[in-house]
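Undergrad: Prediction below, plus the sequence it came from.
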Amino acid sequence: MIRSMPSVQQADIIIIGAGVIGISIALQLQQQGKQVLLLDNQDPNARTSIGNAGAFAFSDIIPLATPGIMAKAPKWLVDPLGPLSIPASYALPILPWMLHFWRASWADRYQSSLTAQASLMQLSKTALDRQVLTTHAEHLIRHEGQLQLYQGQAEFEGSLSGWRTRQEHGVTCELLTNQADIADIQPGLDRSFTHAGFTPEWKNTTHPEAWLNHLSRTFFSGPGQVLHDHALSLALKDNGVHIKGQKNDYFAPQVVVSAGAWSKALAASIGDSLPLETERGYNTTLPAGAFDLRTHLTFSNHGFVVTKVGEQIRVGGAVELGGLALAPNYRRAKLLLDKATQFLPSLNPAGGQQWMGFRPSMPDSLPVISPSGQSKRVVYAFGHGHLGLTQSAGTAELVCDLLLGKSPRIDLAPFSAQRF
């Protein structure tokens with residue numbers, strides 16, 4: 001929906017970014033009677049909200065920066081196809097982020113981040129239930145669980161501390177040490193996978209694009225409005241926030257920045273320096289019938305998942321910290337597909353479509369859900385990494401609390417824009 005505009009378009013609240021985070025916030029505010037304008041650049045390369053695995057991964061509470069992880073850092077530079085890599089040409093630009101990542105891996109910061117992440121996940125889980133109910137979206141939810149797979153006893157035992165941590169934070173799981181039990185959930189796995197952890201309450205959307213489109217249609221069925229423009233910068237005024245766009249200018253008493261990996265420059269334009277980086281994820285989507293997939297499969301030690309998207313099969317994952325400008329390295333997508341073919345012998349790898357998307361990531365794996373350090377008129381909602389879909393409904397409720405002057409439903413200090 002594109003509307004003609006005067007020289008300065010105005011609204012009660014302007015949200016920059018119409019991905020799953022932005023549209024969820026817009027819906028929440030609309031339900032509170034607010035006039036909301038979504039501003040989105042409609043960049044086809046910025047479609048992270050529809051190119052993901054479609055998982056509501058509420059059990060993924062463990063931050064990437066775990067104690068001892070920095071001992072593995074040298075390997076990231078020499079293995080460009082590893083599950084977590086840094087292109088050699090990006091090693092210097094990402095150094096400040098890596099220093100924050102190193103500090104986040106210390107035991108004290110790690111435990112704090114883990115507790116905060118678990119709190120946000122619990123809120124997001126119940127918030128999703130509310131969002132599904134209010135938007136009549138149950139038909140877009142799959143309840144098929146998730147199977148994390150391990151090759152051998154040693155690999156499985158190495159995962160047990162993580163499973164204990166999840167259980168301590170209320171995650172329901174079943175640990176499987178019998179291949180017959182694993183095959184009952186997902187037949188057709190390579191015999192090397194001897195152990196698994198099953199999370200039966202795990203949910204997926206039937207298709208991430210269908211999910212985003214449904215939320216958007218619900219928003220537009222009310223007085224919702226979206227304008228397609230690229231927000232270049234913000235400027236604080238006494239009575240609101242001025243947005244400089246590529247096509248036009250905009251003004252609102254309150255502004256939400258939820259532009260994903262593109263949020264860093266907008267925050268910097270008003271003086272907030274945030275260590276936001278781009279976690280580039282790759283996948284290949286195979287035609288319907290490529291494999292009889294019965295649950296979401298996670299190959300933890302290989303850094304990828306296999307999931308259903310509609311009736312298609314999507315193989316994707318890995319983490320490449322490479323910024324916004326470098327060309328995609330689709331060898332990573334091919335490597336993941338090659339591994340999936342090995343691990344799922346009956347998988348048909350023909351006819352796949354490759355994709356690369358930008359995940360906005362903070363060093364401690366926690367998003368920024370916070371007023372700007374410069375003005376409470378600007379609220380940030382970005383940096384969710386690969387958990388944007390998972391945490392979208394919970395983030396929306398928290399941002400709504402901040403904008404309406406209510407007490408947030410969880411402690412937001414760990415998510416502050418000023419924590420670094």
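TA: It's in.

Undergrad: just how off-centre is stretch 88-98 within its chain?
TA: From the chain centre to the centre of stretch 88-98 is a distance of 22 Å (C-alpha atoms, centre = their mean, to the nearest Å).

Undergrad: pLDDT on that stretch, on average?
TA: Averaged over stretch 88-98, pLDDT sits at 90.

Undergrad: From start to finish, how long is that stretch in a straight line?
TA: Criterion C-alpha to C-alpha, to the nearest Å; first-to-last residue distance in stretch 88-98 is 14 Å.

Undergrad: I'd say P96 and E277 touch.
TA: No - counting by C-beta atoms under 8 Å, P96 stays clear of E277, with 9.3 Å between them. Bear in mind the C-beta positions are built from the backbone N, C-alpha and C, glycine included.

Undergrad: Specify which residue of those two has the higher count of neighbours.
TA: Neighbours were tallied for P96 and for E277 using other C-beta atoms under 10 Å; the higher tally belongs to E277 (28 against 14).

Undergrad: Any idea how many residues pack against the closest residue to A267 other than its chain neighbours?
TA: Nearest-residue entry for A267: L274, 5.3 Å, with adjacent residues in sequence omitted and distances by C-beta to C-beta, 6 or more residues apart in numbering. The tally of other residues near L274 (other C-beta under 10 Å) stands at 21.

Undergrad: Give the full set of residues in contact with L274.
TA: S263, K264, A267, A268, M362, V368, G383, A417, F420 (C-beta atoms under 8 Å, 6 or more residues apart in numbering).

Undergrad: Filter those down to the buried ones.
TA: Applying 16 or more other C-beta atoms under 10 Å to the contacts of L274, the neighbour count classes S263, K264, A267, M362, V368, G383, A417 as buried.

Undergrad: among those, which are in helices?
TA: Among the buried ones among the contacts of L274, the members found in helices (DSSP state H) are S263, K264, A267.

Undergrad: Just name the closest of the residues you listed to A413, please.
TA: In terms of C-beta to C-beta, no member of these lies closer to A413 than A267, at 18.3 Å.

Undergrad: In this structure that closest one contacts V257, no?
TA: Yes - shown here, A267 and V257 form a contact pair, counting by C-beta under 8 Å, at 6.5 Å.

Undergrad: list residues touching both of those two?
TA: Common contact partners of A267 and V257 (C-beta under 8 Å, 6+ apart): Y380.

Undergrad: buried residues in the helix or strand harbouring L99?
TA: In this structure, L99 sits in helix 95-104 according to DSSP states H and E. For helix 95-104, the neighbour count (16+ other C-beta under 10 Å) marks W97, M98, H100, F101, R103, A104 as buried.

Undergrad: Helices along this protein, start to end?
TA: Assigned helices in the chain, in chain order: 20-31, 73-78, 95-104, 107-135, 153-168, 179-185, 208-220, 263-268, 331-343, 388-403 (criterion: DSSP H).

Undergrad: Any regions of this protein where pLDDT drops low?
TA: Under the criterion pLDDT under 70, the flagged ranges of the chain are 1-7, 43-47, 76-78.

Undergrad: Residue ranges of each domain in it, please.
TA: Domain assignment for the chain, taken from automatic domain parsing, gives 1-66+106-139+203-275+363-420, 67-105+140-202+276-361.

Undergrad: if you compare these, which one is most tucked away?
TA: Neighbour counts (mean count of other C-beta atoms under 10 Å) averaged over each of the domains of the chain peak at domain 1-66+106-139+203-275+363-420, with a mean of 20.
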